[in-house]
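Colleague: let's see this in three dimensions:
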Amino acid sequence: MSQQRMDKARQLLAERERRKEKCHLIDCLQLADKIEILIADPSELAAIGIPSQSLARRVGRQIESLRNSLAHAQSFVEQDWPQIVRLTRRIHKMSHDL
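Modeller: Got it, this is the predicted structure:
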């Protein structure tokens, strides 16, 4: 992760602390940064059932795409729902495995 991205996260943390919001530095990182941190540690990938960095990157891109679609209120078409369900199940399983 670049120093510039880390600096932005620290600035956001300082702003949240100034507003008396309780959070940690990790809460101030972008989703892409969190994914890259996770990918950098093969033991963490294994713990959540992802055998390779390439698969982790692909899943990460899918998660980011879903997040962006939800955050920007984009409409989904009927054929998107099976993929959304699969991805949601994977995220749920990974969060419980951590």
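Colleague: which stretches in this structure count as helices?
Modeller: For the chain, helices defined by DSSP state H occupy the ranges 3-18, 31-39, 42-47, 53-71, 81-97.
Colleague: for the third one, name the packing helices and strands.
Modeller: In other words, helix 42-47. Counting contacts by 3 or more Cβ pairs under 8 Å, 6 or more residues apart in numbering; DSSP states H and E, helix 42-47 packs against helix 31-39, helix 53-71. Yep, even glycine has a C-beta here, placed from its N, CA and C like the rest.
Colleague: low-confidence regions, the chain specifically.
Modeller: 76-79, 97-98 (pLDDT under 70).
Colleague: residues touching R89, list them.
Modeller: Going by Cβ atoms under 8 Å, 6 or more residues apart in numbering, R89 touches no other residue.
Colleague: follow-up on the earlier one: which of the helices of the chain sits closest to H24?
Modeller: H24 sits nearest to helix 3-18 of all the helices of the chain, at 7.8 Å, using Cβ to Cβ.
Colleague: in that closest one, what counts as buried?
Modeller: By 16 or more other Cβ atoms under 10 Å, the buried positions in helix 3-18 come out as A9, L12, L13.
Colleague: closest to A32 among these?
Modeller: Nearest to A32 among the buried residues of helix 3-18, counting by Cβ to Cβ, is A9 at 11.8 Å.
Colleague: hmm, the closest one is touching D33, no?
Modeller: Yes. A9 is in contact with D33 according to Cβ atoms under 8 Å; the separation is 7.4 Å.
Colleague: for stretch 57-68, list every residue counted as buried.
Modeller: Residues V59, G60, Q62, I63, L66 are the ones in stretch 57-68 that count as buried (16+ other Cβ under 10 Å).
Colleague: surely the second one touches K34?
Modeller: So that's G60. No. Judged on Cβ under 8 Å, G60 makes no contact with K34 at a distance of 9.0 Å.
Colleague: tell me who's in contact with the closest residue to H24 other than its chain neighbours.
Modeller: Spatial nearest neighbour of H24, excluding adjacent residues (Cβ to Cβ, 6 or more residues apart in numbering): L13 at 7.8 Å. Neighbouring residues of L13 by Cβ under 8 Å, 6+ apart: C23, H24, L25, D27, C28.
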